[in-house]
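Undergrad: make a model of this:
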Amino acid sequence: MADWQERLRQIGIAASSSHVGGLFYHYVSRRIDTVLIPLTGARLAMGPPGHTLLLTTLGARTGKQRVASLAFLWDGDDIVIVGSKGGSPNHPGWVHNLRADPHATIQHRGGIERRFAREAEGDERDRLFQRAASTWDNFSAYQRRTGGRQIPIVVLSRNGEETS
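TA: Here you go, the predicted structure:
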């Protein structure tokens, strides 16, 4: 990564770690991504370069398609997403949607694909949260602001198959 890209990444993390920055990211940047990612094949995004995806779920109550822009990590062939909601005391809607129906569609630099979601638990959850927090400092700040809510870690597996 070029020096200017790393500096831009650090500025983004610092900004989104603040309360106001977290709200901006949640309410503004994510909505821009719902247009930017499809237009550019995920080459450009407001979130972390190369590590931002669009997650499409079915609304748990409405049954309508819901789209969220999220940072992600690879864990082998699986994709890991974090239900931080900027440190809100409530889980993001997409967590509730995946609990009701674990089938999802994602779009990232690798294209568009179907995935199966499961929540990581115990040691796996702790390991994946630590990886996310060490990659993006803002996740540690979000956890401190949740008021005690444990941030869910969701693993998206290929081919609609649950794997451990």
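Undergrad: quick check: Asp101 vs Gly63, distance?
TA: In this view, Asp101 and Gly63 are 9 Å apart by CB to CB, to the nearest Å. Every residue, glycine included, has its C-beta placed from N, CA and C.
Undergrad: compare the two (neighbour count), which wins?
TA: Asp101 (13 against 9; other CB atoms under 10 Å).
Undergrad: which stretches of this protein form helices?
TA: 3-17, 19-24, 30-40, 93-100, 122-135, 138-145 (DSSP state H).
Undergrad: the closest residue to Trp94 other than its chain neighbours - how many residues pack around it?
TA: Counting by CB to CB, 6 or more residues apart in numbering, Trp94 lies nearest to Ala68, which is 4.6 Å off, once chain neighbours are set aside. Neighbour count for Ala68, taken as other CB under 10 Å: 22.
Undergrad: likewise Ala104?
TA: Count around Ala104 with other CB under 10 Å applied: 23.
Undergrad: is it true that it touches Arg115?
TA: Yes - between Ala104 and Arg115 there is a contact at 5.2 Å, judged by CB atoms under 8 Å.
Undergrad: what do those two both touch?
TA: Shared contacts of Ala104 and Arg115, defined by CB atoms under 8 Å, 6 or more residues apart in numbering, comprise Leu156.
Undergrad: before we move on, the earlier item: how close does the residue nearest to Trp94 get to Gln130?
TA: 23 Å.
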